[in-house]
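[1] this one's structure only:
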């Protein structure tokens, strides 16, 4: 599982949302077709549009995101992992390319508790390393001791650009990214087996 030596024990965790903490529901091909976009990452392609075309495309994306957020299902082990990391006093955050509205919908619906969260409206989006650096500063943990877990190449690139540890949650569609991640896991519960350096206060 380990890609490089040595990796420090984690002192904070940043999670992607869709496809990582939740089971993926967004049909990106259908969204592109509805928008009239042939290919490429949605947010980057949307930035190329202007005027009425851009407004219509953003409405399409936000409608799909909110619908997916209202029906989102947590990944197996997601609640257990977040609860146990909180028990260990290890800070957690969510970093998503989704909207703040859809992120908040998922947080409320599933009563997810994390220390910090960032959506696309609040920072440059992945694969930029900047949102990872922002969260590390807010969590009070250096990037090299922060583990960033996601299911896509942008998660890996964002983590590694910030100097954080990248963790790829494997699925049937992302094996081509596995060699670029520092660690790969088959399910979220494996995170609890990482070397433990909790922030328990000592007497």
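    Yes, it's here. Since the structure is predicted, the reported quantities are computational estimates derived from the model, not experimental observations.
[2] this protein: strands as residue ranges?
    Counting by DSSP state E, one finds strands in the chain at the ranges 12-15, 92-95, 116-118, 146-150, 165-169, 183-185.
[3] including mean neighbour count, could those go into JSON lines?
    The C-beta positions use only the backbone N, C-alpha and C, and glycine is treated the same way. What follows is those, written out as JSON lines (neighbours: other C-beta atoms under 10 Å):
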{"stretch": "strand 12-15", "mean neighbour count": "28"}
{"stretch": "strand 92-95", "mean neighbour count": "24"}
{"stretch": "strand 116-118", "mean neighbour count": "21"}
{"stretch": "strand 146-150", "mean neighbour count": "27"}
{"stretch": "strand 165-169", "mean neighbour count": "26"}
{"stretch": "strand 183-185", "mean neighbour count": "19"}
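[4] which non-adjacent residue is nearest the residue nearest in space to the middle of the chain?
    Centroid-nearest residue in the chain, with C-alpha atoms, centre = their mean: residue 16, separated by 1.1 Å. With C-beta to C-beta, 6 or more residues apart in numbering as the criterion, residue 16 has its nearest non-adjacent residue at 3.5 Å, and that residue is residue 150.
[5] quick check: beta-bridge partners of that neighbour?
    residue 168 (DSSP bridges).
[6] that one reaches residue 160, doesn't it?
    No. In this structure residue 150 lies outside contact range of residue 160 using C-beta atoms under 8 Å: 11.6 Å.
[7] what residues are shared contacts of these two?
    Common neighbours of residue 150 and residue 160, using C-beta atoms under 8 Å, 6 or more residues apart in numbering, are residue 166.
[8] cheers, nothing more for now.
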